[in-house]
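Undergrad: Here is my input, please return the structure:
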Amino acid sequence: MNTKHKCSVVARMTLFTGVVAAMLSTWLAVVLMIAIHRFAAGSLIQDVRATAGRVAQKVEQQSQAYIPLVGSRVRNIQIVDPRGHVVDSTPALHGKPPMAQFTPDSQDSKHAVVCNGVFGANKCDIVVAQSAHRDHANWTVYASAPVVPWSVVPWLATLVGGSAIMLAVAITYLGNRIATVSLRPVGAIRRELDEINATCPARRVPVPTGTCEIHYLAKSVNHTLTRLQGAMERQRQFTSDASHDLRSPIAAMRAEVEDAMLASPEATMNRAGHAVLSSLDRLEAIVSDLLTLAKLDAGTPGGNEPVNLAELAEAECSRRHHTSKTLLCYLQRGVVVLGDRLRLGRLLTNLLDNADRHAEAMITIKVWQAESEGPRFPHGVAVLEVVDDGPGIEPDKREVVFQRFARLDAARRKDAGGTGLGLPIARQIAESGGGTLRIEDSDRGARFVLRLPRYLEAPLVYSVQT
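TA: Numbering: from 1, shown residues only. Below you'll find the predicted structure:
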């Protein structure tokens, strides 16, 4: 999967805002520094030009006070006669050649950046050449000052850079807050959708105020949920009605077949009658399962009484003593849950029927108590395992077997008369009681694990029966 698809919308919007903010802040800082640098450089050139002009005026007046540097940013001045000889200069340039080779020509002044030379290696100055007319000849006054660095002054670059970073961070944070607040209704809609299932189809997602796109999305989702609820109710009603209506014809058919077998004890009639009765048994099981599913789907409340899982499993073990498979029961006494005894008995019966069909020689039932596994089981977990030594179920097929009417090829070969509804009913009973039913790893065969919230009043001292 692409990395960008792993990020949330808020993260992507924050990243985009941060990148754009960083680019814009950097561009703004660079433009601002360039503007300040150009202003400072222009101001320096004007200062150097003014200083050179004052010195040139004194040269024209044949005054000896040529070098007025007090309070000026000008560092060096040279006065060059028409023959190119330095007549006077600031102390740092005594005995050195002219600092530049260009002259003002016909203009009053000219400036340029001069590097190295009399200024030293890797040093650059802004040099202004100012013409001065003396004794009917053109003299040249050179004035220089160090070039303005790109940062102008260190504190200014720090201020501008820090301000740009703070601006980028502020815009990124603002973008994150806007995205978070804007998508908060989407999170509420998602959480509500996650909790809506077949047992509570009447719930609806919250509709935010206003006329934004999320408002219309929530309204569309609620309209869809309303249509789905209607379809589910019609399906449940049909299943319930069909299950009820089929019971009478099946009972009548069974009575007719049994009467025919009693009236005509011929072998052929008995074989045909047993075949028809077998089919009626399967049809009756399907009708009974459909009726149970209809009740579970409709959220029909069951009993709410303390049920001792160990006693329930022990009763089922005793009832199945006639089976050809070895049944081992490891029961921890006092593991009590709150639920419907009949439904929990149906759940265990379905699990054992499934294990009996697929086991080679042995079925194991275990009941024990485990520690709390989070807010779903605040007072501990009651665990019931049913393990067989059959071929097992492949990991990628473990959820398929809980789908209605879904039967794996191995199940069809073992028992062609199954309905494919036993395990779905078992899981729905477990979930209606606040628990889970899953297939987990085992050394051999299939291992069905039921977890239910332990009843708070369960005793704390247990014994083990094998």
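Undergrad: From Glu360, how far out is the residue lying closest to His358 once chain neighbours are set aside?
TA: When the adjacent residues along the chain are set aside, His358 lies closest to Gly390, with 3.7 Å between them (Cβ to Cβ, 6 or more residues apart in numbering). For every residue, glycine as well, the C-beta is placed using N, CA and C. Gly390 sits 6 Å away from Glu360, taking Cβ to Cβ, to the nearest Å as the criterion.
Undergrad: Of these two, give the one with the bigger neighbour count.
TA: Per other Cβ atoms under 10 Å, whichever of Gly390 and Glu360 has more neighbours is Gly390, with 21 against 12.
Undergrad: hang on, isn't the more buried one packed against Phe448?
TA: No - using Cβ atoms under 8 Å, Gly390 is not in contact with Phe448; the gap is 11.9 Å.
Undergrad: intersection of neighbour lists for the two?
TA: Ala355 (Cβ atoms under 8 Å, 6 or more residues apart in numbering).
Undergrad: Overlap of the contact sets of Gly390 and Glu360?
TA: Gly445.
Undergrad: burial count for Leu159?
TA: By other Cβ under 10 Å, 11 other residues sit near Leu159.
Undergrad: Can you tell me how far it is from Met33?
TA: For Leu159 relative to Met33 (Cβ to Cβ), the value is 10 Å.
Undergrad: try Lys58
TA: 38 Å.
Undergrad: same deal with Ala231?
TA: 66 Å.
Undergrad: Which one's more surrounded, those two?
TA: Ranked by neighbour count (other Cβ under 10 Å), Ala231 and Met33 place Met33 first, with 18 against 11.
Undergrad: That one against Pro149, yeah?
TA: No - using Cβ under 8 Å, Met33 is not in contact with Pro149, being 10.7 Å away.
Undergrad: can you count the residues close to the closest residue to Tyr455 other than its chain neighbours?
TA: Nearest non-adjacent residue to Tyr455, counting by Cβ to Cβ, 6+ apart: Val336, 4.2 Å away. A count of neighbours around Val336, defined by other Cβ under 10 Å, yields 21.
Undergrad: and what of His111?
TA: Neighbours of His111 (other Cβ under 10 Å): 21.
Undergrad: State the distance from Ile439 to Leu296.
TA: Taken as Cβ to Cβ, the span from Ile439 to Leu296 is 20 Å.
Undergrad: er, Ala157 I mean
TA: Taking Cβ to Cβ, one finds Ala157 at 73 Å from Leu296.
Undergrad: These two - which one has more neighbours?
TA: Leu296 (20 against 17).
Undergrad: Which stretches in the chain count as helices?
TA: 3-6, 9-60, 154-195, 213-263, 267-297, 309-319, 341-358, 409-414, 422-432 (DSSP state H).
Undergrad: And these, which one averages the lowest pLDDT?
TA: Comparing mean pLDDT across the helices of the chain, the weakest is helix 3-6, with a mean of 51.
Undergrad: The chain - how does it break down into domains?
TA: Segmentation of the chain into domains, based on automatic domain parsing, reads 12-146, 213-297, 305-465.
Undergrad: Make TSV out of those domains and add distance to Ile178.
TA: Shown next, in TSV, are the domains of the chain (distance: least, Cβ to Cβ, whole Å):
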stretch	distance to Ile178
domain 12-146	8
domain 213-297	14
domain 305-465	33
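Undergrad: I'd like to know which of those is closest to Ala168.
TA: domain 12-146 (4.2 Å; Cβ to Cβ).
Undergrad: now the closest one, how far from the centre of its chain.
TA: 61 Å (Cα atoms, centre = their mean, to the nearest Å).
Undergrad: Can you give me the end-to-end span of it?
TA: 48 Å (Cα to Cα, to the nearest Å).
Undergrad: begin at 644 from here
TA: Taking 644 as the first residue, the last one we looked at is domain 655-789.
Undergrad: if we can go back for a sec, which ones are touching the residue nearest to His1001?
TA: Contact analysis of Gly1033 by Cβ under 8 Å, 6+ apart lists 998, 1001-1003, 1088-1089.
Undergrad: Just the buried ones out of the residues you listed, please.
TA: 998, 1001-1002, 1088-1089 (16 or more other Cβ atoms under 10 Å).
Undergrad: Asp932 and Leu1066 touch, don't they?
TA: No - using Cβ under 8 Å, Asp932 is not in contact with Leu1066, being 10.8 Å away.
Undergrad: the more surrounded of these two?
TA: Between Asp932 and Leu1066, counted using other Cβ under 10 Å, Leu1066 has the larger neighbour count: 25 against 21.
Undergrad: quick one: the more buried one and Leu952, what's the gap?
TA: 19 Å.
Undergrad: now swap in Val796 and tell me
TA: 81 Å.
Undergrad: Contacts only, for Phe745.
TA: With Cβ under 8 Å, 6+ apart, Phe745 has these contacts: 753, 755, 772.
Undergrad: tell me which of those is nearest to Val652?
TA: Ala755 (56.6 Å).
Undergrad: Identify the residue nearest Lys1009 in space, chain neighbours excluded?
TA: Glu1028 (4.2 Å).
Undergrad: State the number of residues packed around Trp793.
TA: Neighbour number of Trp793 under other Cβ under 10 Å is 10.
Undergrad: And the one 5 residues further on, by the same measure?
TA: Neighbour count of Trp798, defined by other Cβ under 10 Å: 9.
Undergrad: any idea how far Leu1095 is from it?
TA: Counting by Cβ to Cβ, the gap from Trp798 to Leu1095 is 70 Å.
Undergrad: same thing with Pro1038?
TA: Pro1038 is 24 Å from Leu1095, by Cβ to Cβ.
Undergrad: so what's the residue nearest to Lys1009 up against?
TA: Listed by Cβ under 8 Å, 6+ apart, the contact set of Glu1028 reads 1007-1010, 1090-1093.
Undergrad: Dump the residues you listed into JSON lines; add distance to Thr852 as well.
TA: Output for the contacts of Glu1028, formatted as JSON lines (distance: Cβ to Cβ, whole Å):
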{"residue": "Thr1007", "distance to Thr852": "58"}
{"residue": "Ile1008", "distance to Thr852": "55"}
{"residue": "Lys1009", "distance to Thr852": "54"}
{"residue": "Val1010", "distance to Thr852": "52"}
{"residue": "Arg1090", "distance to Thr852": "51"}
{"residue": "Phe1091", "distance to Thr852": "48"}
{"residue": "Val1092", "distance to Thr852": "46"}
{"residue": "Leu1093", "distance to Thr852": "45"}
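Undergrad: now those as a markdown table including neighbour count and distance to Leu1099?
TA: Shown next, in a markdown table, are those (neighbours: other Cβ atoms under 10 Å; distance: Cβ to Cβ, whole Å):
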| residue | neighbour count | distance to Leu1099 |
| --- | --- | --- |
| Thr1007 | 19 | 29 |
| Ile1008 | 24 | 25 |
| Lys1009 | 17 | 23 |
| Val1010 | 25 | 18 |
| Arg1090 | 20 | 28 |
| Phe1091 | 26 | 26 |
| Val1092 | 17 | 22 |
| Leu1093 | 26 | 19 |
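Undergrad: What is the nearest of these to Met742?
TA: Taking the contacts of Glu1028 together and measuring to Met742 by Cβ to Cβ, the closest member is Val1092, at 92.5 Å.
Undergrad: Is there a neighbour count for Arg834? I'd like the number.
TA: 11.
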